[in-house]
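Student: Quick one, fold the following:
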Amino acid sequence: MTGLTKQIMRAVTIAAIGWVSLAAPGMAQTRFPANEATKDTKTKSCTLILVPSVSTESTAPRLKLGASLDPKREKLTLSIDTRKPLVSSEMVAANQRVPFTGESVANARGLAKTQIWAAISASHKAQEPFFLTGKTTSGEYASSRYDDLDPKGIIALLEAQCGYDGSDMFPESVASLAKKENALRLNENQVRHIRWVLARTINNAVREPRKSKTFTADDRNSIAQYARRKGKPARKYLSRDLANMLLKTKFTPVTPDHTSSRNYKRSGQWATYRATSDTCALTTPAKTWSGMNLFRSPEMKLSVKTTDSGARMYFDLLTPNPFVPNSVRFAVVDGRRYPIEVRGRTIVPGPDGKYMSTAIARALKRGREISFNGTVEATRRNGTISFSASGFSSGFNRLGVICGRRDIKRWLQ
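Tutor: Presented below is the predicted three-dimensional model:
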């Protein structure tokens, strides 16, 4: 069994018969000849064989286009499909005969600079047929003729059959697509929502994308991938339908995941684990928040080191801290205020003499919820973040056990 046969057997093949009408970039419609499209999910590739208007033999060479469906390895190829080995091949366009050697380029703009593309464009401009001729090892010649081979139609075909974004090849198309997107009049919150949904669904991001009031180059690539997943042309600009799909998609903030850490174990809403070889941690994600939009849930984190002694431990009651420094003045446990201290952006229990107060830890032992209220740095508006106290006490005790630091239990006494 040949490699080509194996490829065809594992691929999903769609054959278009006769002439089809496709929307081409910057054009209302483009008529395009019959084609055979093959998508190979294993290699993430798409192949288009253009069926000639007329062939002298059933084994005559045919024009073949290949496109990578992997956005990280974008590539286009133009070559010949033949069922007989060829000694040589030529193309004839606008009364010019030149050797056909095949091309492999990175993207649509690179395709536009190739000799093959120039020949196809010349034939279309002159309203003359485009020919492919091949000489077999036995000395026989076979030819294929393509009538009205439209360059924009080829790009439209790649978009329709392979989900390839060829809009960059035609500047007028980019301008048209951008104009339609601008007409959506997306506000800053809508742009943020779309960017965050794309970051999670396309890139599986766990960190917030860099802040931007407009779509970045990375966002544009994600839009094209999202469109392809939805069975639409892989354009880098939003249509109304695509924007509506993204806006209706609920964004679920990222919850910190420590399940792969050593000694991981949950206790209610809290989890203990070994963060490094000499550090153990007790954490819980925020339960609720208001007055702010967060890509990633904040955490409350307590940690101890195996190299320390006594009751020494470390607190980061809110990380990352979205509030304006020093705007948070208290930690509130079940309605009761407890003093805190802000060191840079780190919030720790307030002082009790020359040491940290144990009041917050003791309140969490018997409490239900702890919250922080302050001015949100991103919006300069008031906001609140709350954490559950469920499981804190048992998690705290286990923290001392897994790091051999049982003396920390004094914080709860």
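Student: how about low-confidence regions in the chain?
Tutor: Where the chain drops to pLDDT under 70, the residues are 1-33, 71-72, 166-173.
Student: at 50 what do you get?
Tutor: Judged by pLDDT under 50, the chain has its weakly predicted residues at 1-29.
Student: got the residue ranges for the helices in it?
Tutor: Assigned by DSSP state H, the chain shows helices spanning 3-10, 108-111, 115-126, 151-162, 171-182, 188-201, 217-229, 240-248, 359-366, 392-402.
Student: Which residues does stretch 406-413 contact?
Tutor: Residues outside stretch 406-413 that contact it (Cβ atoms under 8 Å, 6 or more residues apart in numbering) are 304, 309-313, 358, 361-362, 365, 393, 396-397, 399-400. C-beta: built from backbone N, CA, C; applies to glycine.
Student: From start to finish, how long is it in a straight line?
Tutor: Taking Cα to Cα, to the nearest Å, the first and last residues of stretch 406-413 lie 13 Å apart.
Student: returning to what we had before: so which of the contacts of stretch 406-413 comes closest to Thr272?
Tutor: Minimum distance to Thr272 across the contacts of stretch 406-413 is 5.2 Å, recorded for Leu399 (Cβ to Cβ).
Student: Can you tell me how far that closest one is from Leu318?
Tutor: Using Cβ to Cβ, to the nearest Å, Leu399 is found at 19 Å from Leu318.
Student: again, but for Thr306
Tutor: From Thr306 over to Leu318 (counting by Cβ to Cβ), the distance is 25 Å.
Student: So for these two, which sits in the more crowded spot?
Tutor: Set Thr306 next to Leu318 and count neighbours by other Cβ atoms under 10 Å: Leu318 wins out with 26 against 15.
Student: Pull the contacting residues for the residue nearest to that one when sequence neighbours are not counted.
Tutor: Nearest non-adjacent residue to Leu318, counting by Cβ to Cβ, 6 or more residues apart in numbering: Ile347, 4.9 Å away. When contacts are counted by Cβ under 8 Å, 6+ apart, Ile347 touches 315-318, 321, 328, 331, 340-341, 372.
Student: try 10 Å this time
Tutor: Ile347 is in contact with 300, 315-319, 321, 323, 325, 328, 331, 340-341, 372, 374, counting by Cβ atoms under 10 Å, 6 or more residues apart in numbering.
Student: Out of these, which comes closest to Tyr141?
Tutor: Nearest member of these to Tyr141, counting by Cβ to Cβ, is Thr319, at 73.7 Å.
Student: looking at it, that closest one is touching Leu302, isn't it?
Tutor: No - applying Cβ atoms under 10 Å, one finds Thr319 not in contact with Leu302, separated by 11.0 Å.
Student: list the residues that contact both of those two?
Tutor: Joint contacts of Thr319 and Leu302 (Cβ under 10 Å, 6+ apart) are Thr283.
Student: With neighbour numbers in mind, choose between those two.
Tutor: Neighbours were counted for Thr319 and for Leu302 using other Cβ under 10 Å; Leu302 has more, 24 against 14.
Student: The more buried one bridge partners, please.
Tutor: Leu282, Phe315 (DSSP bridges).
Student: what residues are up against it?
Tutor: Neighbouring residues of Leu302 by Cβ under 10 Å, 6+ apart: 270, 272, 280-284, 313-317, 361, 364, 392, 395-396, 399, 408, 411.
Student: Whichever of those residues end up buried, select them in PyMOL.
Tutor: Buried residues among those (16 or more other Cβ atoms under 10 Å), as a PyMOL selection:
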select buried, resi 270+272+280+281+282+283+284+313+315+316+317+361+364+392+395+396+399+408+411
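Student: Neighbours of Val348, how many?
Tutor: Counted by other Cβ under 10 Å, the residues lying close to Val348 total 18.
Student: wait, what's in contact with it?
Tutor: Contacts of Val348 (Cβ under 10 Å, 6+ apart): 314-318, 331, 340-342, 356-357, 360.
Student: Leu86 too?
Tutor: Leu86 neighbours (Cβ under 10 Å, 6+ apart): 59, 61, 80, 100, 133-137, 142.
Student: go with 8 Å
Tutor: So Leu86 contacts 61, 80, 134-137 (Cβ under 8 Å, 6+ apart).
Student: Tell me what it is bridged to.
Tutor: Thr136.
Student: Look up the closest residue to Asn203, ignoring the ones flanking it.
Tutor: Ser222 (6.5 Å).
Student: pretty sure the one you found contacts Asn204?
Tutor: No - look at Ser222 against Asn204 with Cβ atoms under 8 Å: they stay out of range, at 11.2 Å.
Student: Please say which of those two ends up with more neighbours.
Tutor: Neighbour totals were compared for Ser222 and Asn204, and Ser222 leads with 24 against 8 (other Cβ under 10 Å).
Student: and the gap between that one and Lys236?
Tutor: 9 Å.
Student: How about Ser88?
Tutor: 40 Å.
Student: what about those two, which has more around it?
Tutor: Remark: of Ser88 and Lys236, Lys236 carries more neighbours, 21 against 12, as counted by other Cβ under 10 Å.
Student: show me where the stretch 201-350 of the chain has strands.
Tutor: Along the stretch 201-350 of the chain, the segments classed as strands by DSSP state E, counting those that start in this stretch run 262-267, 270-276, 279-285, 288-290, 299-305, 314-319, 330-333, 336-343, 346-349.
Student: Need the residues that contact the shortest one.
Tutor: In this case it means strand 288-290. Residues contacting strand 288-290 (Cβ under 8 Å, 6+ apart): 298, 383-386.
Student: Could you dump the residues you listed into a markdown table and include distance to Lys84?
Tutor: Below are these laid out as a markdown table (distance: Cβ to Cβ, whole Å):
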| residue | distance to Lys84 |
| --- | --- |
| Pro298 | 66 |
| Gly383 | 72 |
| Thr384 | 74 |
| Ile385 | 71 |
| Ser386 | 73 |
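Student: Out of these, which is nearest to Leu247?
Tutor: Gly383 (23.4 Å).
Student: What is the burial count for that closest one?
Tutor: The number of residues packed near Gly383 is 22, by other Cβ under 10 Å.
Student: Quick check: it vs Pro52, distance?
Tutor: For Gly383, the distance to Pro52 - Cβ to Cβ - is 66 Å.
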